Each structure stands twice: as structure tokens, then as C-alpha cells.
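[1] Provide a 3D model corresponding to the input given below.
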Amino acid sequence: MSRALVLGGGGITGVAWELGMLCGLRDHGLDLADTDLIVGTSAGAIVGTQLATGVDPEERYAAQLVPPDGEAAAALGTGAMLRLGLAAIAGGRDPQRMRARIGGFALRARTGPASDRIAVIGRRLPVHEWPLRALRVTAVDAETGEFVVLDRDSGVPLVEAVAASCAVPGVWAPVSTGGRHLVDGGLRSPANADLAAGYDQVVVLAPIVRAIGPMIGVGAQVAELRAQGARVALVNPDAEALAAIGRNVLDPAQRAAAARAGRRQAAGVTAQVAEAWRRVGDKDRR
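    Purely as a prediction, here's the structure:
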């Protein structure tokens with residue numbers, strides 16, 4: 001029986017919530033790091049890469065609880081949000097065309113240099129080499145709108161791949177790597193859970209599940225995985241966690257609350273996750 005862990009996008013608070021959830025599930029005997037494949041999108045690319053390279057989730061969870069002194073919240077301004085919305089609408093119902101329009105907006109937006117963002121991501125990833133275990137990081141070609149899956153055979157350095165997956169249009173610059181300008185993989189789907197097709201047991205941690213316009217929703221992808229015969233658990237923030245996350249997922253001031261909420265929520269979803277994750281003969285390690 002093969003396992004896949006899918007970690008979706010959700011900004012700074014999404015990273016924190018996922019780490020809290022992973023640590024909380026481990027508190028209850030479920031170690032989701034014991035998997036054959038990790039799929040990471042945006043925030044999930046950071047967490048997934050940390051897991052795949054052997055970083056202890058408890059260490060990263062503790063880092064979420066440190067006050068974000070001097071770390072300002074990022075956000076799209078009103079004008080940028082309007083231009084982004086118009087770009088999405090102009091793409092019509094063609095998903096790739098919509099992504100290309102948003103990618104064009106990202107290429108024109110006035111942001112800091114991509115090198116600064118790559119350096120930030122590098123500091124969050126203690127290991128900078130692709131792991132031997134299967135890790136897929138998602139991105140989108142800003143010029144063509146093509147969905148891009150990056151792995152150790154893609155020729156793209158790991159830190160650049162993760163930075164690209166996290167390059168929110170209008171907030172952080174597209175990452176130029178592998179002959180492309182790449183932006184946030186969440187433009188295709190909040191989690192891109194369909195990349196787990198062919199795996200028998202799948203857990204999806206998705207801070208965001210709803211899709212916008214012709215984007216692909218997480219629920220539809222999960223339903224398709226189940227139709228293919230996989231056991232799948234989908235977990236997203238409950239009401240308490242949503243309140244902790246707040247309205248701006250790029251606000252580091254909400255990071256600690258989101259992490260704690262994810263860890264608390266884990267107790268209530270342990271049975272659901274265990275049903276999808278545990279193999280015959282697995283013991284409760286609590």
C-alpha cells in the first residue's frame with residue numbers, strides 16, 4: 001500500500017497551521033512524514049520540503065511561536081487586487097488562459113527582487129538539496145499559464161523551486177529558473193491533490209479548499225482520487241482555526257495562533273486521518 005501526503009497553499013498562516021496539524025497528529029500516534037510521496041503547493045511546498053529533507057516538525061512548530069519582531073505583514077493593495085481580479089476575469093473560463101493573464105500581472109507588478117525572496121525561503125529550508133524521497137513542488141509558468149511540477153529531475157534548484165511555488169502574484173516577484181518565469185502553484189489549485197493519483201492512501205492538509213473561477217477545487221480532486229479507489233482524508237481548518245488564521249494569511253502576527261489552532265484541531269480529526277493512513281497491523285503509538 002503506497003502513501004501520499006498532500007500539503008496545500010495558505011500563506012504564512014497556512015505554514016503554521018499545517019505544522020501544528022502535523023505535530024498534533026503525531027501526538028496522537030500518526031506520523032505523516034512516513035510517506036512515499038509529498039506534494040507541496042505554495043505554503044505546502046515549504047512544509048513539504050522540510051518534511052522530505054528530514055527536518056523535525058516540532059522544531060519548525062516552535063519557530064512559529066516566536067514573536068515576529070520586525071517582520072511586516074504582506075498583502076495586496078486595493079489597486080493591485082483590482083488589477084489581479086480583472087486579469088482573472090479576462091482569462092474567461094479557460095484555466096490556462098486565466099493563469100497566463102494572472103502571470104502577466106505578476107510579471108508587471110512592482111515587487112522586490114526575486115533574489116530577496118529566494119534568500120528568505122533558503123533560510124526556512126535548512127537543507128538545500130533535493131531529497132532522494134519523492135517530493136513534487138508545484139508552480140505555474142507566468143507567461144504561458146502552463147502548470148509545472150518540479151522534482152529532483154527537473155533541473156531546478158530546490159530553494160528556487162519552493163520560492164517559485166510561493167511567489168504570490170503581485171506580492172512576490174516571479175522566480176526565473178529553468179528557462180521560465182514561475183509563480184505560485186496555487187493558481188491552478190489550492191492543493192493540486194490530483195498529483196497523488198495512483199497512491200492507495202492519501203492525506204490532504206489544505207488550509208484553503210475553495211477554488212476561484214476555473215481553478216480546480218480540492219474537493220473535486222479528492223472525489224476523483226476516491227473514485228480511483230484511494231482511501232483519502234481531507235482536512236482543512238475548522239471554525240476555531242479560521243478565526244485564529246484571520247483575514248490576511250500573509251500576516252506573521254497570526255502565525256502562532258494558527259499553529260496552536262492546528263495542533264488543537266488535530267485531536268478531532270485523528271480518527272478520520274487514521275482511517276485513511278494506517279496500514280493493516282499498524283499500532284497506536286500513543
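[2] Find the residue ranges of this structure scoring beneath the pLDDT cut-off.
    Applying pLDDT under 70 to the chain picks out residues 70-72, 75-92, 280-286.
[3] In it, what residue spans correspond to strands?
    Ranges of strands in the chain, per DSSP state E, are 3-7, 37-40, 134-141, 147-150, 175-177, 180-184, 201-205, 231-235.
[4] so what strands line up beside the second one?
    Paired neighbours of strand 37-40 in the sheet (DSSP bridges): strand 3-7 (parallel), strand 134-141 (parallel).
[5] between those, which one is nearest to Ser176?
    strand 134-141 (11.3 Å; CB to CB). Using the backbone N, CA and C atoms, a C-beta is placed for each residue, glycine as well.
[6] got the contact list for that closest one?
    Contacts made with strand 134-141 from outside it, assessed by CB atoms under 8 Å, 6 or more residues apart in numbering, are listed as 36-42, 45, 48-49, 52, 99-100, 103, 146-152, 161-162, 164-165, 167, 175, 180-188, 192, 195.
[7] mind listing what Ile46 touches?
    Taking CB under 8 Å, 6+ apart as the criterion, Ile46 is in contact with Val15, Gly40, Ile121, Arg124, Leu125, Val162, Cys166.
[8] where do the helices sit along the stretch 101-250 of the chain?
    If you assign secondary structure with DSSP state H, counting those that start in this stretch, the helices in the stretch 101-250 of the chain sit at 114-124, 158-165, 218-227, 239-245.
[9] Highest mean neighbour count out of these?
    With neighbours defined by mean count of other CB atoms under 10 Å, none of these is more surrounded on average than helix 158-165, at a mean of 28.
[10] other SSEs contacting it?
    Contact analysis of helix 158-165 by 3 or more CB pairs under 8 Å, 6 or more residues apart in numbering; DSSP states H and E lists helix 43-52, helix 114-124, strand 134-141, strand 147-150, strand 175-177, strand 180-184 as its packing neighbours.
[11] just checking, what packs against the longest one?
    It stands for helix 114-124. Helix 114-124 is packed against helix 43-52, helix 158-165, strand 175-177, with contacts defined by 3+ CB pairs under 8 Å, 6+ apart.
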